[in-house]
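Enquirer: Can you look at this prediction? I've put the sequence above it.
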There are 2 protein chains.
Amino acid sequence: MFAVIMAGGQGARFWPRSRKKRPKQLLDIVGSESMIRQTVDRLLPFVNPEDIYVVTGMEHVEELIGHIPDLPSENIMAEPVGRNTAPCIGLAAMRLKKLDPEGVMAVLPADHVILDKGGFLETLRNACEVAKSGDYIITLGMTPDRPETGYGYIKKGDLTTPLIPLLNKEGSTKRGVVESGLSPTRFEAYHVERFVEKPDRATAEQYVKSGEYLWNAGMFLFKVSTILRAIERYMPELYIGLLRLEPALGTEEQERALNDVYGELPSVSIDYGVMEKADNVLVIPSTFGWNDVGSWTAIDDLLPRDEHGVVAQAEHISIDTKDCIVYSPKKLVATIGVSNLIVVETEDALLICDKSRAQDVKKVVEILEREGRDKYL
Amino acid sequence: MFAVIMAGGQGARFWPRSRKKRPKQLLDIVGSESMIRQTVDRLLPFVNPEDIYVVTGMEHVEELIGHIPDLPSENIMAEPVGRNTAPCIGLAAMRLKKLDPEGVMAVLPADHVILDKGGFLETLRNACEVAKSGDYIITLGMTPDRPETGYGYIKKGDLTTPLIPLLNKEGSTKRGVVESGLSPTRFEAYHVERFVEKPDRATAEQYVKSGEYLWNAGMFLFKVSTILRAIERYMPELYIGLLRLEPALGTEEQERALNDVYGELPSVSIDYGVMEKADNVLVIPSTFGWNDVGSWTAIDDLLPRDEHGVVAQAEHISIDTKDCIVYSPKKLVATIGVSNLIVVETEDALLICDKSRAQDVKKVVEILEREGRDKYL
């Protein structure tokens, strides 16, 4: 199996820690290692380093290599500009086609957290078997444990358990879909009925209660040939661009070709461009403590809180302080009579944000961009 | 006239800006000069530098001299330990007795703000004339413009306008109390009926409405002989201590004598020790934009606020931020969806405090002291 780690994006919601030169995936927001390092480490028990590819922004290649020196540097693919996930995945698929068009590729974000690494690997192994067994576009859907309004959801359709030799050792195996006797709590796959955008609170509550919806985690598996066929069919413009790139990929011409072509590719997400249109999309319900670390409030779910709900990565004097996140590795912080605040202190900037406004941190970055205050970007 | 500036105390409520080595009176919390510098500058049109004395803590003498190099250094009197205002005033009076026992001394705090400097000087000139004219202990009482619960109050008694030759140029002057034709809005003096402690909100509202109460601003005028007689009568223990100090004052023996005697003096305020007991206390209603700068929230009254009630001494990106005080001279600060916060950033510490809890900033200092974290004190 190949793994393709998508390491684009900046994570503007993590300003002032995230910066243009130091995007979220290079930060150690959770744990002592950077998120890209943790993402690679999670895969190593199952995927060889030389089969792990990373697509990232050109400006981050150098620092990224420092975080994952164990990967061959030619496996780092540099986008001259970000074009959303469909071109990124298409690019990786076109590159891998040269190695093994029938190989399975797992596409994984670089900047998510997975608490149950064993559960993740087990799901990945199962999903890989399903992907191998047919022409499936597989997405991992997280079983929701709360009415999260920050995620997109996937509505499950019919149960369909494709052949899984790994799990089905004792039973008979046959190609195609099997109504097997496998324990559904261990492993199920469903057709996808539809993808839905981030819901409001009431809708999210309905979704969770219904048991019909899963979180869209942006993790996919498919054969290289499967995704390229789907792109050819649903995103022909992108496919033509990828064909133009194909000869140069993996050669010394790659960088020049990307510079020439990549910026012209349509900037579309794989969800919108392919997933929502294809009819061979399966979702595998998963429970391995996934978090997309979408904003500072994710810290609340990922780091230990004290008895007052305070997460402090700081020398902290806390007087009547409740439900705050305090990050200040170099300075003493005293808080008095405050609650629901995010406090983040870096070398040159300080953020104080009500938790309910965590999504608006990116507005600060927008203001800084608009005003050309580059040193804070 | 002599002026005695009381520059003891630390101003713990201004942590993290105020520190043991950098107390409030040495900070430029309001304006570009330190408060002690502003206090001296206010006096210079009326008092010669060599007639201005400062009583401060021994540990602050050196830095203090740097702020007021125009004063003779022998006019800086160093307390080996703080013993509240009565010993401080007694010490200064005993020192000045050697120069002119019938001279008038104005006792002024080093760390208050006065917005109307002209009004202050006019009041001081008038009060000096009253003090000269008899055996009066004069306190300046601020006409309250809001039901402040952070100040002590003085209840006015009978109107008594002592002889004021300065204002009474056109009328006849005679010694003693005159029911003069002076405009009462310009200058009045009252007997003090009583001093009252910091009131609760409802009581403060009554006080303001009644027109009978003034804020106790801790500014006093009296003849040197008058205050020494009052100390002899109402605080005999202190007086005996001062007599022990007397021979050494103004000589090379002063420091040694203070080290021997000062720590044994009773630690009592002049209000409690003398004012509340004496029957020759007058109060002069004053309106010159006085503020005791008692806590961070004083900033709201002293520095310009933007249309959202924000006072920012910082490069500040403000998103839906209301009624905050933001001090961060070296870092960009972004605030999102917060209100009523005090944010203070220094080299090594960060304070975030709800405005309603501004008085509790000193609790941080207490915690730091208890835990011996001296580098933050």
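Expert: Looks like it came in fine.
Enquirer: pull the helix or strand with minimum mean pLDDT from chain A.
Expert: None of the helices or strands of chain A scores lower by mean pLDDT, DSSP states H and E than helix A:299-302, at a mean of 90.
Enquirer: Which positions in that one come out as buried?
Expert: Neighbour-count burial for helix A:299-302 flags A:299, A:300, A:301 (criterion: 16 or more other CB atoms under 10 Å in any protein chain shown). All C-beta spots, glycine's among them, are computed from the backbone N, C-alpha and C.
Enquirer: go on, stretch A:18-25?
Expert: Quick answer for stretch A:18-25 (16+ other CB under 10 Å): A:18, A:19, A:22, A:23, A:24, A:25.
Enquirer: Whichever helix or strand comes after the least confident helix or strand of chain A close to chain B?
Expert: With elements assigned by DSSP states H and E, the helix or strand that comes after helix A:299-302 is strand A:311-319. Yes - counting by CB under 8 Å from any CB of the partner chain, chain B has neighbours in strand A:311-319: A:317, A:319.
Enquirer: next helix or strand past strand A:311-319?
Expert: Next along from strand A:311-319, by DSSP H and E: strand A:325-336.
Enquirer: rewinding a little: could you list every helix and strand in contact with the least confident helix or strand of chain A?
Expert: Here helix A:299-302 touches strand A:325-336, going by 3 or more CB pairs under 8 Å, 6 or more residues apart in numbering or on different chains; DSSP states H and E.
Enquirer: Sort out which residues of the strand it packs on are buried, please.
Expert: Buried residues in strand A:325-336, defined by neighbour count with 16+ other CB under 10 Å: A:325, A:326, A:327, A:328, A:331, A:332, A:333, A:334, A:335, A:336.
Enquirer: cool, and stretch A:300-316?
Expert: For stretch A:300-316, burial by neighbour count (16+ other CB under 10 Å) applies to A:300, A:301, A:310, A:311, A:312, A:314, A:315, A:316.
Enquirer: show me the contacts for the third one.
Expert: Contacts here follow CB atoms under 8 Å, 6 or more residues apart in numbering or on different chains; on that basis residue A:310 touches A:316, A:318, A:321, A:322, A:323, A:324, A:325, A:326.
Enquirer: Looking at the buried residues of strand A:325-336, which one is closest to residue B:305?
Expert: residue A:336 (21.4 Å; CB to CB).
Enquirer: Low-confidence bits of the stretch 51-200 of chain A, can you list those?
Expert: For the stretch 51-200 of chain A, the stretches with pLDDT under 70 are A:161-186.
Enquirer: what does it have sitting close to chain B?
Expert: Checking the stretch 51-200 of chain A against chain B by CB under 8 Å from any CB, there are no hits.
Enquirer: would you list every one of the helices in the stretch 51-200 of chain A?
Expert: For the stretch 51-200 of chain A, applying DSSP state H, counting those that start in this stretch gives helices covering A:61-67, A:85-97, A:117-132.
Enquirer: Nearest residue to residue A:38 in space, please, no chain neighbours.
Expert: residue A:31 (6.1 Å; CB to CB, 6 or more residues apart in numbering or on different chains).
Enquirer: Run a quick neighbour tally on that neighbour.
Expert: When neighbours are counted by other CB atoms under 10 Å in any protein chain shown, residue A:31 registers 12.
Enquirer: likewise residue A:263?
Expert: Residue A:263 has 15 neighbours, counted by other CB under 10 Å.
Enquirer: check contacts around it.
Expert: Counting by CB under 8 Å, 6+ apart, residue A:263 touches A:80, A:81, A:83.
Enquirer: Which of those ranks first by neighbour count?
Expert: Going by other CB under 10 Å, residue A:83 tops the contacts of residue A:263 with 21 neighbours.
Enquirer: Now that residue. Its backbone dihedrals?
Expert: phi -130, psi 30 (degrees, to the nearest 10).
Enquirer: what about it, distance to residue A:139?
Expert: 20 Å (CB to CB, to the nearest Å).
Enquirer: so which pair among the buried residues of stretch A:18-25 is furthest apart in space?
Expert: A:19 and A:25 (12.3 Å).
Enquirer: just to revisit the earlier point, distance to residue B:203 for the buried residues of helix A:299-302 - can I get that in JSON lines?
Expert: Below are the buried residues of helix A:299-302 laid out as JSON lines (distance: CB to CB, whole Å):
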{"residue": "A:299", "distance to residue B:203": "45"}
{"residue": "A:300", "distance to residue B:203": "43"}
{"residue": "A:301", "distance to residue B:203": "48"}
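Enquirer: Let's see stretch A:266-277 as CSV, backbone CA atoms only.
Expert: The C-alpha trace of stretch A:266-277 is given here as CSV (Å, rounded to 0.1, in the frame of the first residue of the first chain):
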residue,chain,number,x,y,z
PRO,A,266,-9.1,23.6,-11.2
SER,A,267,-9.0,24.3,-7.5
VAL,A,268,-11.7,21.9,-6.3
SER,A,269,-11.9,19.5,-3.4
ILE,A,270,-12.0,15.7,-4.0
ASP,A,271,-15.3,15.6,-2.1
TYR,A,272,-17.0,18.0,-4.5
GLY,A,273,-15.2,17.0,-7.6
VAL,A,274,-15.4,13.2,-7.3
MET,A,275,-17.0,11.8,-4.1
GLU,A,276,-20.3,13.5,-4.4
LYS,A,277,-20.7,12.3,-8.0
